[in-house]
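1. no letters, just coordinates:
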């Protein structure tokens with residue numbers, strides 16, 4: 001099963017606190033996950049901590065799922081960082097910053113491992 005959703009990204013306190021250690025497990029834990037509410041997780045049969053694949057027209061990434069009941073139905077969130085960058089439009093329209101909000105996405109359960117930051121960078125280079 002898959003869920004059609006709207007992807008957004010943004011900064012979080014944990015993501016910001018770990019910027020200096022981008023190859024660490026702490027940075028992965030702070031930025032390498034996808035949030036959605038429990039109703040949406042139930043629609044695709046995934047539990048918190050299991051991996052989901054997020055795909056947009058610009059790319060895809062596998063990350064663990066976290067539940068956030070504050071997310072409206074159909075909204076997914078990945079903190080700003082390499083995992084979010086894997087699914088955003090690389091065209092910055094001349095401003096140097098891609099759009100991190102309102103991107104149509106598809107989310108589904110995945111048996112793939114979530115990539116570490118070095119693994120993801122090697123894939124995206």
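-> Arrived safely, thanks for sending. Please read all numbers here as calculations on a predicted model, not as lab measurements.

2. CA atoms for contacts and neighbours, from now on please.
-> Fine.

3. got the phi/psi numbers for the residue of the chain positioned farthest from its centre?
-> Here the centre of the chain is the reference, and by Cα atoms, centre = their mean the most remote residue is residue 94, at 24.2 Å. Backbone geometry at residue 94, expressed as degrees, to the nearest 10, gives phi 80, psi 0.

4. I'd like the distance between residue 112 and residue 83.
-> Using Cα to Cα, to the nearest Å, residue 112 is found at 15 Å from residue 83.

5. make that residue 108, sorry
-> Residue 108 sits 16 Å away from residue 83, going by Cα to Cα.

6. do the same with residue 30
-> 11 Å.

7. higher neighbour count, the two?
-> Comparing residue 30 with residue 83 by other Cα atoms under 10 Å, the one with more neighbours is residue 83, at 26 against 22.

8. what's downstream of the helix or strand of the chain with the lowest mean pLDDT, the next helix or strand?
-> Every helix and strand of the chain was ranked by mean pLDDT, DSSP states H and E. The lowest is helix 13-17, at a mean of 88. Using DSSP states H and E, the helix or strand that follows helix 13-17 in sequence is helix 25-31.

9. by contact count, what packs against the least confident helix or strand of the chain?
-> helix 25-31 (3 or more Cα pairs under 8 Å, 6 or more residues apart in numbering; DSSP states H and E).

10. over to residue 76: give its phi and psi.
-> When read as degrees, to the nearest 10, the backbone of residue 76 gives phi -120, psi 150.

11. and the spatially most central residue of the chain, what element?
-> The C-alpha lying nearest the average C-alpha coordinate of the chain belongs to residue 78 (Cα atoms, centre = their mean; 3.5 Å). Using DSSP H and E, residue 78 sits in strand 75-79.
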